[in-house]
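J.: Model the structure of this input:
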Amino acid sequence: MVTITFESHGTTIDNEKHLSSGLYDVELSELGVEQAKGLGKRYENESFDAIFCSDLQRSYKTAEIAFGNKFPIIKDKRLNECDYGDLTQHSSKEVEVERGNRISIPFPNGESYEQTAERMKSFLQDLLKNYDGKKVMIIGHRATQYGLEYLINKVPLKKAVTDPWQWQPGWEYKLENL
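T.: Residues are numbered from 1 along each chain as shown. Next comes the predicted model:
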């Protein structure tokens, strides 16, 4: 079993403009930098075998600011946000309305949530193989968490994607099998 703590990346410049970044590699905002520092403080007495993050800077810089070199930080593009294709950097409201329609049908010139879940499944299979009995953190995106909810908690993908999302200080998952 792998114990996973999931945390979302810090606020970005696009978040503050109410834009959906998708695979656009946007920077953390000043607030996001402060949130990352707070993340490190929240877990200062915890120990992780590794911190996994996407290869998008909003994810890995959150990890670097929060933890420095305290734990190994491993970038993995399978943890990236959904590719919104033509809707990248469009208004968050516009993308939000489309989410439920993009479970199996990709965003125009992008990907579907089934595709992001397949990426997550591949990542989690490797995690189970290489980190069994360990405790890790994943700093990711909404699509990352949708995959965790779907694959570990067995929440139907459409429900995971369309249910209202609200930030909280960490989610815990127990990965035993897939």
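J.: which residues in the chain form strands?
T.: Along the chain, the segments classed as strands by DSSP state E run 2-8, 19-20, 50-53, 73-75, 90-91, 135-140, 171-175.
J.: what angle sits between the first one and strand 135-140?
T.: Strand 2-8 and strand 135-140 meet at an angle of 30 degrees, taking axes from the mean of the first three to the mean of the last three C-alpha atoms, to 10 degrees as the criterion.
J.: can you pull the buried residues of stretch 126-134?
T.: For stretch 126-134, the buried set under the neighbour-count rule, 16 or more other C-beta atoms under 10 Å, comprises 127, 131. C-beta: built from backbone N, CA, C; applies to glycine.
J.: So for it, mean pLDDT?
T.: Stretch 126-134 carries an average pLDDT of 96.
J.: who's in contact with that stretch?
T.: Contact with stretch 126-134 is made by 1, 2, 3, 4, 49, 50, 52, 136, 175, 177, 178, as judged by C-beta atoms under 8 Å, 6 or more residues apart in numbering.
J.: please redo it, this time with the cut-off set to 10 Å
T.: With contact meaning C-beta atoms under 10 Å, 6 or more residues apart in numbering, stretch 126-134 is reached by 1-4, 48-50, 52, 76, 78, 120, 136, 138, 175-178.
J.: Quick check: longest helix in this protein by residues?
T.: helix 113-131 (DSSP state H).
J.: Give the residue spans of the protein that score low on pLDDT.
T.: Judged against pLDDT under 70, the chain has no low-scoring part.
J.: which residues in it form helices?
T.: Applying DSSP H to the chain gives helices spanning 13-16, 30-42, 57-67, 92-99, 113-131, 142-151, 157-162.
J.: Tell me which of those helices lies nearest to residue 170.
T.: Distance to residue 170, taken as C-beta to C-beta, is lowest for helix 30-42 among those, at 7.5 Å.
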